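**Student:** next one to model:
(chains A and B)
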Amino acid sequence: MAWKAPGGSERPAPGPCPRPRLPLAPPADEYSILFGTGDRVVEMEDAEVENLAISISSDVDAEFDAVIGHIEDIIMDEEFQVLQRHFMDKYYLEFENTEENKLSYTSIFQEYVDLLEKYIEQQLIERIPTFNMATFITSLQQHKDEISGDIFDMLLTFTDFLAFKEMFLDYRMEKEGHGLDFSGDLIVTSLSKSSSLSPASNNIRPFQ
Amino acid sequence: MGQCLELSAAVCRIGVYSCFRTLCCKGPPSPRTEYDVVCVGLTGSGKSSLLTQLCSESTDSIIPTTGFRIKAVPFQNAILNVKELGGADNIRKYWSRYYQGSQGVVFVLDSASSEDDLETARNELHSALQHPQLCTLPFLILANHQDKPAARSLQEIKKYFELEPLARGQRWILQPCSVENMDAVKEGFNQFINLLEEIDQEHTPGRL
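**Tutor:** Sure, this is the predicted structure:
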């Protein structure tokens, strides 16, 4: 199941790097063995088979589910919402719906990750002392179909620049109060034009 | 009623965004390998034009890039996720911020430019070849604008850019081309993709 990542494919970072950055490549085989293959379609409830690979897989999955649960709590919390909203209010006007990206988007992206991803990571470490962001992001690739769209989309904005940009564009649309911009399509035409009106009243100057 | 329209418009927009993000041309996604490459070169060398043409889009409205673009360009054997950076004087200093995560470099030069500009291009190419994040990567050097009368030949470019001595030990392809001859462009890219595939097979999985 190939992940059609916008602007980059996703791969897990090797050992020394603290967290995967855009772009990432598809998961390698050894990661599949450790964290469960992307092809796993068996639901947790159906996993009755007792063998080592499955039991490792189940442990990791349970851990993954626990992390997701905590993340849901963290992002629904008022503190996170305020943090995110303040950040977006600060910068949303910078973002334009064009294919070309301003250089400033990159520094804003960096600031976003530094602020919000770190906040979530800190909160998770408080709740789960053994939490590791890099291994979690790897698991995320495998389980992307199992977690709710909203959570996944939000997490994606930390590693995927185009997802991050889209989030800002959507926020801007929301702030500016309309889903679609009709200003170019609507033309106001007066129905009261008639030949009885003198040119002067129509502000038409005689051609000189 | 208004809210439903907004919601469905937002959903459509996200859907369109996702399709657009997958491939720049609206073909069905197929399981081809993806590679992340960075595309640099002086302003006016033809980066945006070439990439736009490769996506079968119109080049009518292209203006100098002042930021960066991310385009998923499809080829027969692979998809290249290209991060294209503007090449004006004031933007070049930011190029290195975008190097991380690249698996290859596409360097575009104007074969018909002035002596001064050619010298600037040479300096930039040498910097890129020696940059720690790029020096182990394959380079596709596109000697563009071959259709112009003032265009230097392949041999002249190779000699002037000192590729043989300076890029020794590195993998590079020098391809003469122009927007009038997209076959040459595709040929260069296909060879480049072969290089990327070779390197992929050489390295252990999980290489950053």
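**Student:** residues touching the closest residue to B:Ser58 other than its chain neighbours, list them.
**Tutor:** Of all residues not flanking B:Ser58 in the chain, B:Thr52 sits nearest, at 7.4 Å (C-beta to C-beta, 6 or more residues apart in numbering or on different chains). In short, each C-beta sits where N, CA and C put it, glycine included. Listed by C-beta atoms under 8 Å, 6 or more residues apart in numbering or on different chains, the contact partners of B:Thr52 are B:58-59, B:62.
**Student:** report pLDDT for B:Thr52.
**Tutor:** B:Thr52 carries a pLDDT score of 94 in this model.
**Student:** and for B:Leu163?
**Tutor:** Predicted confidence (pLDDT) for B:Leu163: 90.
**Student:** quick check: it touching B:Ile141?
**Tutor:** Yes. Using C-beta atoms under 8 Å, B:Leu163 is in contact with B:Ile141, at 7.5 Å.
**Student:** which neighbours do those two share?
**Tutor:** B:172, B:174.
**Student:** between the two, tell me which one has more neighbours.
**Tutor:** More crowded of B:Leu163 and B:Ile141, by other C-beta atoms under 10 Å in any protein chain shown: B:Ile141, with 27 against 20.
**Student:** quick one: the more buried one is in a helix?
**Tutor:** No. B:Ile141: not assigned to a helix; according to DSSP: H, G, I helix; E, B strand; the rest coil it is strand.
**Student:** could you tell me the phi and psi values at B:Val108?
**Tutor:** When read as degrees, to the nearest 10, the backbone of B:Val108 gives phi -110, psi 130.
**Student:** skipping its backbone neighbours, what lies nearest it in space?
**Tutor:** Nearest to B:Val108 is B:Gly41, by C-beta to C-beta, 6+ apart, at 3.6 Å.
**Student:** for the one you found, what are its contacts?
**Tutor:** B:47, B:87, B:107-109, B:121, B:124, B:142.
**Student:** in helices only, show me those.
**Tutor:** Among those, the members found in helices (DSSP state H) are B:47, B:121, B:124.
**Student:** which one of those residues sits in the busiest neighbourhood?
**Tutor:** Neighbour max across these (other C-beta under 10 Å) = B:Lys47, 27 neighbours.
**Student:** and the pLDDT for A:Leu180?
**Tutor:** For A:Leu180, pLDDT reads 58.
**Student:** swap in B:Asp60?
**Tutor:** 86.
**Student:** could you do the one 10 residues further on as well?
**Tutor:** Predicted confidence (pLDDT) for B:Ile70: 95.
**Student:** I'd say it and A:Asp160 touch.
**Tutor:** No. With contacts counted by C-beta under 8 Å, B:Ile70 stays clear of A:Asp160, the gap being 10.2 Å.
**Student:** look up phi and psi at A:Thr189.
**Tutor:** Main-chain torsions, A:Thr189, degrees, to the nearest 10: phi -120, psi 130.
**Student:** now do it against chain B, distance only.
**Tutor:** According to C-beta to the nearest C-beta, to the nearest Å, A:Thr189 and chain B sit 23 Å apart.
**Student:** and that residue, how many residues sit next to it?
**Tutor:** A:Thr189: 5 neighbours (other C-beta under 10 Å).
**Student:** tell me the pLDDT at it?
**Tutor:** A:Thr189 is given a pLDDT of 77.
**Student:** now do the same contact list for the closest residue in space to B:Glu180 that isn't next to it in sequence.
**Tutor:** Leaving aside its sequence neighbours, B:Glu180 sits nearest to B:Asp147 (C-beta to C-beta, 6+ apart; 4.8 Å). Contacts for B:Asp147 were tallied using C-beta under 8 Å, 6+ apart; they are B:178-181.
**Student:** in JSON lines, list these along with secondary structure and neighbour count.
**Tutor:** What follows is these, written out as JSON lines (DSSP: H, G, I helix; E, B strand; the rest coil; neighbours: other C-beta atoms under 10 Å in any protein chain shown):
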{"residue": "B:Ser178", "secondary structure": "strand", "neighbour count": "21"}
{"residue": "B:Val179", "secondary structure": "coil", "neighbour count": "16"}
{"residue": "B:Glu180", "secondary structure": "coil", "neighbour count": "10"}
{"residue": "B:Asn181", "secondary structure": "strand", "neighbour count": "13"}
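**Student:** now, the most widely separated pair of the residues you listed?
**Tutor:** B:Val179 and B:Asn181 (7.7 Å; C-beta to C-beta).
**Student:** least confident secondary structure element in chain B?
**Tutor:** Here the helix or strand of chain B ranked lowest by mean pLDDT, DSSP states H and E is helix B:2-22, holding a mean of 43.
**Student:** tell me the confidence at the closest residue to B:Gly104 other than its chain neighbours?
**Tutor:** The shortest distance from B:Gly104 to any non-neighbouring residue, by C-beta to C-beta, 6+ apart, is to B:Val37 (4.2 Å). pLDDT for B:Val37: 97.
**Student:** please enumerate the helices of chain A.
**Tutor:** Using DSSP H, helices in chain A cover A:29-35, A:52-76, A:78-91, A:103-112, A:118-127, A:133-142, A:149-156, A:161-175.
**Student:** elements contacting the strand or helix carrying B:Leu196?
**Tutor:** Element membership for B:Leu196, per DSSP states H and E: helix B:182-202. Under the contact criterion of 3 or more C-beta pairs under 8 Å, 6 or more residues apart in numbering or on different chains; DSSP states H and E, helix B:182-202 touches strand B:33-40, helix B:47-54, strand B:78-85, strand B:104-110, strand B:139-144, strand B:172-176.
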